[in-house]
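**Student:** any chance you could fold what I've pasted below:
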Amino acid sequence: MTFRNPAVAGWQADWLPRLAVLAQDRRLAALVTLLLVVLLAKALAGLTWTLLPSSEAETDGALLPGAVPVRARPASAKVSASSIERLHLFGEAAKAVPKPAPKVVDAPDTRLNLKLRGVLASSNPAIARAIIADGKGQEDAYAVDDKLPGNAVLKEIHADRILLEYRGQLETLRLPKEASAQASTRSVNGGRRNGRSAAAISASSADTGVLLRQYRDALSTDPQSVMDLVRAEPVRDRATGKLKGYRIRPGRDRQLLSRFGLRAGDVVTAINGIPMDNPLKALELMRDVSNLSQISLEVERNGSPQSFSFQIE
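**Tutor:** Below you'll find the model as predicted:
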């Protein structure tokens with residue numbers, strides 16, 4: 001006969017779901033932080049994007065017809081070379097040594113009740129992400145070494161599959177073949193890497209394209225140095241508990257947000273018309289980031305909606 005402490009049982013019932021939500025929020029915040037940085041840099045290199053078609057994403061994530069009137073800003077909304085040069089991302093930084101691409105292990109398919117919904121594959125594990133749904137259909141974004149539902153651990157992310165470790169053994173979770181054939185996959189080649197971090201980008205470059213390539217290379221070789229530029233934390237509706245958006249705060253450069261007309265504490269609710277309430281929608285936007293010529297942000301500031309638009313030269 002077993003005895004169960006009612007107090008312990010009550011604590012578990014109350015707090016375990018909350019801890020699960022906090023873990024999910026942490027992963028989604030990391031994904032949105034990466035998305036914001038990517039949008040500022042515009043171009044990525046060495047990445048392969050694979051997303052499953054989603055009727056929800058096509059309906060809710062499509063660009064909204066009719067532009068929302070953009071609030072007048074005190075400064076120019078254009079992201080020009082000079083504005084990027086003034087980010088003050090200078091100083092000495094150790095060169096990151098790119099790791100060789102791992103060989104794909106031929107591991108048996110997993111029997112865990114998981115579904116792979118989308119991947120952001122990269123030779124740099126710090127950038128790669130996988131969207132995985134559990135047995136209840138709950139989707140979440142995971143990075144390498146994150147714990148997955150079912151007590152597995154994500155070990156590798158590839159363009160058409162992931163490798164997870166379960167009970168000491170590697171197993172494979174694949175994108176469905178029929179869906180993978182319809183999925184949009186794009187590989188962007190950026191050429192040779194210069195290995196510099198964001199802190200080592202020089203202000204002497206006057207060409208916007210050169211600066212964007214420098215950010216791209218920094219993101220590929222030392223992503224943490226770029227991701228530290230801005231921080232995002234999830235905000236949930238107090239009444240429903242549903243994800244509302246992401247509160248942004250400055251990172252290493254305390255003046256970065258203000259240069260783009262943003263303020264610490266602003267809550268980003270949508271980017272280019274796509275609500276930031278689902279990890280698949282974030283990856284859908286990241287998939288087409290290299291083709292973007294304009295970035296629009298829907299922001300809630302002190303309870304009031306604000307709109308921002310940035311032209312990318």
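
**Student:** L280: what secondary structure?
**Tutor:** Following DSSP: H, G, I helix; E, B strand; the rest coil, L280 is assigned to helix.

**Student:** swap that for S258, sorry
**Tutor:** S258 carries the three-state label helix when classified by three-state DSSP.

**Student:** that one and A130, how far apart?
**Tutor:** Distance, S258 to A130, by Cβ to Cβ, to the nearest Å: 35 Å. The C-beta positions use only the backbone N, C-alpha and C, and glycine is treated the same way.

**Student:** next one: Q138
**Tutor:** Distance from Q138 to A130, by Cβ to Cβ: 14 Å.

**Student:** rewinding a little: so between S258 and A130, which is more surrounded?
**Tutor:** Higher neighbour count among S258 and A130: A130, with 29 against 13, using other Cβ atoms under 10 Å.

**Student:** show me where the stretch 201-313 of the chain has strands.
**Tutor:** 230-236, 243-250, 267-271, 274-275, 294-301, 304-312 (DSSP state E, counting those that start in this stretch).

**Student:** kindly reformat those as CSV containing mean pLDDT and mean neighbour count.
**Tutor:** Formatted as CSV, those follow (pLDDT from 0 to 100; neighbours: other Cβ atoms under 10 Å):
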stretch, mean pLDDT, mean neighbour count
strand 230-236, 81, 19
strand 243-250, 85, 20
strand 267-271, 89, 22
strand 274-275, 85, 19
strand 294-301, 84, 18
strand 304-312, 79, 15
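
**Student:** closest one to D160 among those?
**Tutor:** Comparison of the strands of the stretch 201-313 of the chain against D160 by Cβ to Cβ identifies strand 274-275 as nearest, at 24.6 Å.

**Student:** what helices and strands are in contact with the closest one?
**Tutor:** helix 279-287 (3 or more Cβ pairs under 8 Å, 6 or more residues apart in numbering; DSSP states H and E).

**Student:** what is the mean pLDDT for the helix it packs on?
**Tutor:** Averaged over helix 279-287, pLDDT sits at 70.

**Student:** how deep is P149 tucked in, by neighbour count?
**Tutor:** P149: 17 surrounding residues under other Cβ under 10 Å.

**Student:** residue contacts, it?
**Tutor:** P149 makes contact with 112, 114, 132, 134-135 under the criterion Cβ atoms under 8 Å, 6 or more residues apart in numbering.
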